[in-house]
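Visitor: Sharing a sequence plus its predicted fold:
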Amino acid sequence: MSVFRYDGSFEGFLCAVADCFELREGQPKFVRDGESYIVGLFGDELRGVATVRETALAFRKEFVETVSQQAFATARYAFHSRKEGIERLVWLYLKQGLEVGPRLAGMLTEEPVHSINRIARHVSYEAHKFKGFVRFREVEAGFLYAQIEPEADILPFIAPHFVQRVGDRPWMIHDIGRSQAAVYYLKSWRLIRDIELSAEPHLTSSEHDYAALWQRYFQRHAIKERHNPKLQQKHVPMRYRKHLTEFTDR
């Protein structure tokens, strides 16, 4: 059995999948850089996979032409759930898609299609929610900064949205749980890994004023007679509120 070590990115995973097909590996395992792996009793072969964009694009093209663009997007969303063992599940989904073609879309009650679709919907929903839950703050370093703590690895899905919405200022969206950030430099954005804060960013004085105004606006426009904590929590769950200006006193 071959064990494919890749860099943790979706592109890197596609390169590992392409290697699997080239080597006709039917029972592969996948590990990310930085993850420990103990070679089994039967001498698993550990293979390092280089991330080559052209290889990933070629596999994507083949899959989309054989199955569909929607199926590929579903696989990508599911991969970014970062659930334990998700690589194996996505591998089976991609493999089955190349075998059955467009019929994959109709196999909703069969595995791995059922699980992949369920996981992908959850990631897509969370990405959609965070498009409204990111709160930028102006820092003294001269850019906008936001912290998030999503369950899934959603930065690749929400960053293009904020390029369109906040394209006139440099910004950073920091996924502090994964120590990575989407950084925008007015021309394009990129994903940077291994980012750790040694201290909280220093906010500008005007940012403190705007935050206070927004909090007062949020509180004073609430209708006391219609206060419904359960409904509010349904729409804005507690786990999202830690970094929402209107729910904090920062």
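Guide: Thanks, I have it.
Visitor: From now on I want contacts and neighbour counts done on CA atoms only, so please keep to that.
Guide: Will do.
Visitor: and for the helix or strand Cys15 falls within, what are the contacting residues?
Guide: Element membership for Cys15 (DSSP states H and E) is helix 10-23. Helix 10-23 has contacts (CA atoms under 8 Å, 6 or more residues apart in numbering) with 4-7, 26, 28, 49-53, 55-56, 59-60, 76, 79-80, 87, 91.
Visitor: Looking at these, which are in strands?
Guide: The strands, defined by DSSP state E, take in 4-6 from those.
Visitor: where does the chain have low pLDDT?
Guide: Low-confidence segments of the chain (pLDDT under 70): 36-43, 207-237, 240-241, 244-250.
Visitor: Walk me through the domains of it.
Guide: 2-124, 134-247 (automatic domain parsing).
Visitor: what's the longest helix in this structure?
Guide: Counting by DSSP state H, the longest helix found in the chain is helix 113-133.
Visitor: which secondary structure elements does that helix contact?
Guide: helix 69-79, helix 86-100, helix 155-165 (3 or more CA pairs under 8 Å, 6 or more residues apart in numbering; DSSP states H and E).
Visitor: Name the residues of stretch 171-182 that are buried.
Guide: Burial within stretch 171-182, assessed by neighbour count using 16 or more other CA atoms under 10 Å, is assigned to 171-176, 178, 180-182.
Visitor: What is the distance between it and the centre of its chain?
Guide: When distances are taken as CA atoms, centre = their mean, to the nearest Å, stretch 171-182 is centred 11 Å away from the chain's centroid.
Visitor: could you give the angle of the longest helix of the chain to helix 155-165?
Guide: On the basis of axes from the mean of the first three to the mean of the last three CA atoms, to 10 degrees, helix 113-133 is oriented at 40 degrees to helix 155-165.
Visitor: relative to helix 86-100, how tilted is helix 113-133?
Guide: Using the same axes, to 10 degrees: helix 113-133 against helix 86-100 is 120 degrees.
Visitor: Heading C-terminal from helix 113-133, find the next helix or strand.
Guide: Of the helices and strands lying after helix 113-133 in sequence (DSSP H and E), the nearest is strand 137-138.
Visitor: what about dumping the CA coordinates of whichever helix or strand comes after that next one to CSV?
Guide: Note on strand 137-138: by DSSP H and E, the next helix or strand toward the C-terminus is strand 144-148. Provided in CSV are the C-alpha atoms of strand 144-148 (Å, rounded to 0.1, in the frame of the first residue of the first chain):
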residue,chain,number,x,y,z
LEU,A,144,-8.1,45.9,7.7
TYR,A,145,-7.9,42.9,9.9
ALA,A,146,-10.6,40.3,10.8
GLN,A,147,-10.5,37.1,12.9
ILE,A,148,-12.6,34.0,12.3
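Visitor: So what touches strand 144-148?
Guide: Applying CA under 8 Å, 6+ apart, the contact partners of strand 144-148 are 134-139, 169-176, 243.
Visitor: Also stretch 96-111?
Guide: Stretch 96-111 is contacted from outside by 63, 66-68, 71, 113-114, 117, using CA under 8 Å, 6+ apart.
Visitor: what about 10 Å?
Guide: By CA atoms under 10 Å, 6 or more residues apart in numbering, the surrounding residues in contact with stretch 96-111 are 62-68, 70-72, 89-95, 112-118.
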